[in-house]
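Participant: A predicted structure for the sequence below; I have some questions about it.
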Amino acid sequence: MCGIMGYRGQRRAAPVLLGGLRRLEYRGYDSAGLAIRNGGMHVWKQIGRVQGLVDNLPAEIQGTLGIAHTRWATHGGVTDENAHPHLGPHQRVAIVHNGIIENAGAVRRDLERSGATFTSETDSEVIAHRLEAAIDEGLEPLEAMRKALNGLRGTWGVCAAFLDHDAVVCARNGSPMAIGEAEHGVIFSSDPQPLSEHTNRVLILEDGDMAIADESGFRVERLTGGASNTTAIVMEEAWGEAELGDFPHFMIKEIHEQPEALRHCISGRIDLRSGNGRLGGLHLSPKALTEVPHVRLLGCGTAMHAALIGQQLIERLARLPAVTHVASEFRYQDPVVNPRALHFAVSQSGETMDTLAAIKEIQLKGGEVHGVVNVVGSSIARLCGQGVYIHSGPEQAVASTKAFSNMVAALTIFAVQIGRTRGLPPAEAKQVLRGLREVPDLIEAYLADQGPIMDAVEMVKDASSVLFLGRDLSASVAREGALKLMELAYVPCLAYPAGEMKHGPIALLEEGSPVIVIAPDDEVKEKVSSAIHECRARGARIVLICTKGDDIAEQGDVVIEVPRTHPYCSPLLTVLPTQLIAYHTALSLGLDVDRPRNLAKSVTVE
Ligand code: AGP
């Protein structure tokens with residue numbers, strides 16, 4: 001979602017800030033802006049892409065201090081005025097803000113009563129007014145920020161520049177802020193990624209922290225006063241390039257990175273000799289695993305679909321009740337939390353607000369949560385303090401692909417690990433682990449020969465709706481496939497367990513209706529076959545995703561075959577054609593495949 005950059009140093013600030021904004025583009029945004037202190041406080045901002053902003057900037061902007069932003073609209077429409085940065089009434093401060101100020105309406109009315117006028121509809125502009133008022137009282141920047149934020153309710157990652165002070169100040173409450181200490185200056189960002197080209201020494205603020213970079217270096221304090229406990233970390237080199245390389249889009253690049261990403265995820269975590277999984281970061285002894293009464297998994301979107309597959313494998317391999325929750329619903333259900341239960345929060349970005357809120361609900365009720373997270377040092381990873389990094393490498397396309405595979409792989413290893421403490425026979429465990437180890441090669445083989453994807457695209461691209469069906473593990477693949485096609489190609493999609501079709505969705509079917517069926521060669525294949533017959537009898541046309549060489553192929557109008565694998569690993573293969581269908585459908589409709597409309601890569605608002 002929104003992205004923040006700030007800089008104070010020896011270089012010209014504009015190129016540093018704009019370079020950072022480009023690295024934040026993948027998060028999704030609808031406007032961009034820049035403020036540079038250079039004699040006055042100069043602001044450029046407009047709706048559209050960062051490149052559009054760059055095209056309208058003067059050739060060489062001087063000034064070594066500034067802030068910048070990419071905005072994803074929440075309060076107020078997508079307009080130039082609502083884009084950040086926002087200025088104080090006399091242009092003596094500029095701020096950029098991520099998050100939501102919940103009492104902005106009341107604060108704004110108070111300020112208006114005292115004569116203030118606002119230039120935008122945003123909640124964020126009140127911060128600029130309050131900050132400038134505090135500066136006008138003679139407070140130093142950090143004190144002024146403290147005063148401006150006191151009395152505001154909501155969430156913020158906020159960064160400010162000051163006309164009369166050679167300083168950049170930032171603060172965090174529920175919206176991430178990271179600071180990089182480079183040789184040429186101090187860089188602020190809402191995401192550690194843009195810092196990596198300047199330094200690997202990064203400090204991630206905790207909620208309630210604020211920081212200043214000025215003539216004397218930089219320091220971090222608590223909003224409530226006193227020093228912060230945050231310490232700098234050295235960022236690990238992430239595997240995988242953050243650049244496009246030879247690929248036209250990040251999504252297709254990331255689809256093709258799945259074999260390598262999976263190898264990173266499973267490497268060192270499979271013990272084939274003893275037939276066990278080794279997820280050390282969980283900090284759970286075999287004895288502790290035997291005492292777990294049940295497992296709960298939480299996530300949103302694709303992460304939730306991966307959790308559903310993990311849930312089924314845990315039940316099956318460990319004979320232990322497991323359940324998945326939509327994270328955004330969880331805390332509103334006043335859930336009963338058993339402190340002895342095992343909870344997993346699954347998230348690529350590690351910043352999803354709904355998932356964070358669910359974790360806090362569990363922790364509040366005495367439970368512990370383990371993260372299944374991609375981004376190292378992210379809010380969820382830090383809040384959980386224990387868990388599994390899935391090591392997908394940077395995922396930049398809004399549509400999640402390689403993170404899904406690695407979430408499923410990590411949870412499969414966990415299912416084996418907990419299964420082995422509860423009587424899962426070693427031979428069975430070894431079969432699953434062997435299957436998992438072979439998956440990267442099988443994905444490579446499939447990607448080299450993808451089957452008639454474009455025939456499937458022709459069937460779905462102009463459809464008024466597409467029905468996805470699958471059963472057992474494949475029911476979650478069907479949901480994931482439907483989400484992908486919907487979010488990228490804006491085609492309305494429904495996903496149902498194949499057995500549920502006759503209880504309602506069958507009413508939608510008419511001559512030519514496209515149905516995408518996920519039917520690998522597993523125990524429920526025959527049942528799925530019945531659903532296919534029911535669809536065909538109503539004139540539906542079937543895109544069938546099945547195991548290579550399987551007889552079921554004769555039931556499809558378009559048949560996409562994937563290599564045979566262990567049935568428990570089948571989602572890692574059958575999901576691939578659904579990713580490719582979504583990608584190519586979006587392309588054939590001329591849509592922005594990496595940044596679909598209205599969506600953001602990490603959803604940091606409720
Ligand atoms: C995936 O294609 C989606 N864009 C979205 O559903 C995503 O999976 C969801 O927002 C959760 O994100 P997270 O994994 O970063 O928590």
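Facilitator: Nice, thanks for sending it over. Residues are numbered from 1 along each chain as shown.
Participant: Direction included, what does the lowest-mean-pLDDT helix or strand in the chain pair against?
Facilitator: Ranked by mean pLDDT, DSSP states H and E, the weakest helix or strand in the chain is strand 233-234, scoring a mean of 72. Note on strand 233-234: by DSSP bridges, its sheet partners are strand 201-204 (antiparallel).
Participant: what does the strand it pairs with rub up against?
Facilitator: Strand 201-204 is contacted by residues 176-181, 192, 195, 211, 220, 230-235, 377, 382 when judged by Cβ atoms under 8 Å, 6 or more residues apart in numbering. Heads up, the C-betas are built off the backbone N, CA and C, glycines and all.
Participant: Tell me which of these fall in strands.
Facilitator: Of those, the ones assigned to strands by DSSP state E are A178, I179, G180, E181, A211, V220, I233, V234.
Participant: Considering only these, which also neighbour the ligand?
Facilitator: When the ones in strands among the contacts of strand 201-204 are checked against the ligand using Cβ under 6 Å from any ligand atom, none falls in range.
Participant: so which pair among these is furthest apart in space?
Facilitator: Spatial extent of the ones in strands among the contacts of strand 201-204 (Cβ to Cβ) is set by the pair A211 and V234 at 18.3 Å.
Participant: out of those two, which sits in the more crowded spot?
Facilitator: Shown here are A211 and V234; by other Cβ atoms under 10 Å, A211 has more neighbours (25 against 9).
Participant: which residues touch the more buried one?
Facilitator: V169, C170, A171, M177, I179, F188, L203, L205, F218, R219, V220, E221.
Participant: Among the residues you listed, which one sits closest to the ligand?
Facilitator: M177 (18.0 Å; Cβ to the nearest ligand atom).
Participant: okay, now that closest one: neighbour count?
Facilitator: M177: 27 surrounding residues under other Cβ under 10 Å.
Participant: do the same with the one 4 residues further on
Facilitator: Neighbours of E181 under the rule other Cβ under 10 Å: 17.
Participant: Which of the three states applies to V491?
Facilitator: At V491 the chain is in coil, as set by DSSP: H, G, I helix; E, B strand; the rest coil.
Participant: same deal with T604?
Facilitator: coil.
Participant: Run through the residues that contact the residue of the chain found nearest the ligand.
Facilitator: Closest approach of the chain to the ligand (Cβ to the nearest ligand atom) occurs at G301, with a separation of 1.8 Å. Residues near G301 by Cβ under 8 Å, 6+ apart: S400, L483.
Participant: Tell me where the longest helix sits in this structure.
Facilitator: The longest helix of the chain (DSSP state H) is helix 426-448.
Participant: Next secondary structure element downstream of that one?
Facilitator: helix 453-460 (DSSP states H and E).
Participant: Other residues contacting that next one?
Facilitator: Contacts of helix 453-460 (Cβ under 8 Å, 6+ apart): 466, 485, 489, 491, 514, 516, 541, 543, 557-558, 560, 577, 580-581, 584-585, 588.
Participant: Please pick the buried ones from these.
Facilitator: 466, 485, 489, 491, 514, 516, 541, 543, 558, 560, 577, 580-581, 584-585 (16 or more other Cβ atoms under 10 Å).
Participant: Report how many residues lie close to E534.
Facilitator: 17.
Participant: and the least confident helix or strand of the chain, how far out from the chain's middle?
Facilitator: Relative to the chain's own centre, strand 233-234 is displaced by 22 Å; criterion: Cα atoms, centre = their mean, to the nearest Å.
Participant: Kindly list the main-chain dihedrals of the residue lying closest to L163 once chain neighbours are set aside?
Facilitator: Beyond its immediate neighbours in the sequence, the residue positioned closest to L163 (Cβ to Cβ, 6 or more residues apart in numbering) is R92, lying 4.5 Å away. The phi/psi pair for R92 (degrees, to the nearest 10) reads phi -100, psi -10.
Participant: Quick check, R92 in contact with E132.
Facilitator: Yes - assessed by Cβ atoms under 8 Å, R92 is found in contact with E132 at 5.4 Å.
Participant: Now do the helices in the stretch 151-300 of the chain.
Facilitator: 250-256, 258-266, 286-290 (DSSP state H, counting those that start in this stretch).
Participant: CSV please, covering these and showing mean pLDDT, distance to the ligand and mean neighbour count.
Facilitator: Converted to CSV, the helices of the stretch 151-300 of the chain look like this (pLDDT from 0 to 100; distance: least, Cβ to the nearest ligand atom, whole Å; neighbours: other Cβ atoms under 10 Å):
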stretch, mean pLDDT, distance to the ligand, mean neighbour count
helix 250-256, 97, 9, 23
helix 258-266, 96, 14, 22
helix 286-290, 95, 25, 13
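Participant: before we move on, back to that, can I have the buried ones of the contacts of A211 as a ChimeraX selection?
Facilitator: Here is the ChimeraX command that selects the buried residues among the contacts of A211 (16+ other Cβ under 10 Å):
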select :169,170,171,177,179,188,203,205,218,220,221
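Participant: Please narrow the buried ones among the contacts of helix 453-460 to those residing in helices.
Facilitator: Among these, the members found in helices (DSSP H) are L485, A489, P577, L580, I581, H584, T585.
Participant: Would you mind confirming that the last one is in contact with K461?
Facilitator: Meaning T585. Yes - contact criterion Cβ under 8 Å: T585 and K461 qualify, at 5.0 Å.
Participant: who touches both of these two?
Facilitator: Counting by Cβ under 8 Å, 6+ apart, the residues touching both T585 and K461 are A489, V491.
Participant: Roughly how far does P58 sit from A182?
Facilitator: 25 Å (Cβ to Cβ, to the nearest Å).
Participant: now do G138
Facilitator: G138 is 32 Å from A182, by Cβ to Cβ.
Participant: Between these two, which is the more surrounded one?
Facilitator: Set side by side, G138 and A182 show more neighbours around A182, with 18 against 8, by other Cβ under 10 Å.
Participant: Just the pLDDT at the more buried one, thanks.
Facilitator: We have a pLDDT of 93 for A182.
Participant: now the one 4 residues further on
Facilitator: Each residue has a pLDDT score; the one for V186 is 97.
Participant: Do I have it right that it meets V220?
Facilitator: No - if you go by Cβ under 8 Å, V186 and V220 don't touch, sitting 11.4 Å apart.
Participant: who touches both of those two?
Facilitator: Overlap of the contact sets of V186 and V220 (by Cβ under 8 Å, 6+ apart) consists of I179.
Participant: So which residues on this protein come close to the ligand?
Facilitator: So the chain meets the ligand at 300-303, 347-349, 352, 355, 398-400, 487, 599, 602-603 (Cβ under 6 Å from any ligand atom).
Participant: Double-check I101 against S124; I have them as touching.
Facilitator: Yes - with contact defined as Cβ under 8 Å, I101 reaches S124; the gap is 6.8 Å.
Participant: higher neighbour count, the two?
Facilitator: More crowded of I101 and S124, by other Cβ under 10 Å: S124, with 27 against 23.
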